[in-house]
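Asker: need a structure here:
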Amino acid sequence: VQLQACGGGLVQAGGSLRLSCAASGRTLSNYVMGWFRQAPGKEREFVATINWSGDSTAYADSVKGRFTISRDNVENTSYLQMNSLKPEDTAVYYCAASNYPANIPSHYNYWGQGTLVTVSS
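Answerer: As a prediction, this is how the structure comes out:
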């Protein structure tokens, strides 16, 4: 499956962005979807994940209550709604697909190219 992430940009602290991850090549419903991020000089970290049907989600503590992951298996797209953004959310955000639920990057087989989110103070 090929993944294409988009929706990043520059936003002020407290603002919102919605990232999208469009899949092609295979049906998205075959995969658990995850979002990760990587800030300059830091390791890639888990942000959120959603199961195949979309009825189970998990979040990193740092984004819980502010970010919402969702998916539309008909549109073959996953989303990450980000509200109340903070400067520390600045990073390149990646979507990824896995055959089973996981919050570790190495457990994901397919990755999008990343989209940059910059939050100004």
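Asker: next, the distance between the ends of stretch 23-38.
Answerer: 21 Å (C-alpha to C-alpha, to the nearest Å).
Asker: from the chain's centroid, how far away is that stretch?
Answerer: The chain centre lies 9 Å from the centre of stretch 23-38; the measure is C-alpha atoms, centre = their mean, to the nearest Å.
Asker: what secondary structure does the spatially most central residue of the chain sit in?
Answerer: Against the mean C-alpha coordinate of the chain, by C-alpha atoms, centre = their mean, the closest residue is W35 at 2.6 Å. Applying DSSP: H, G, I helix; E, B strand; the rest coil to W35 yields a three-state assignment of strand.
Asker: surely it meets A48?
Answerer: Yes: in this structure, W35 is within contact of A48 by C-beta atoms under 8 Å, at 4.9 Å. Heads up, the C-betas are built off the backbone N, CA and C, glycines and all.
Asker: what is in contact with these two at once?
Answerer: Common neighbours of W35 and A48 are listed as 69, 80 (criterion: C-beta atoms under 8 Å, 6 or more residues apart in numbering).
Asker: which parts of this structure are strands?
Answerer: Using DSSP state E, the strands found in the chain span residues 2-6, 9-12, 17-24, 32-38, 45-50, 57-59, 67-72, 77-82, 91-98, 110-111, 115-120.
Asker: just to revisit the earlier point, so what sits opposite the residue nearest to the centre of the chain in the bridge?
Answerer: Judged by DSSP bridges, the bridge partners of W35 are A48, C95.
Asker: before we move on, back to that, including mean pLDDT and distance to I104, could the strands of the chain go into CSV?
Answerer: Listed next are these as CSV, based on pLDDT from 0 to 100; distance: least, C-beta to C-beta, whole Å:
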stretch, mean pLDDT, distance to I104
strand 2-6, 96, 18
strand 9-12, 98, 28
strand 17-24, 96, 18
strand 32-38, 98, 9
strand 45-50, 98, 7
strand 57-59, 97, 12
strand 67-72, 98, 16
strand 77-82, 98, 18
strand 91-98, 98, 9
strand 110-111, 96, 13
strand 115-120, 98, 21
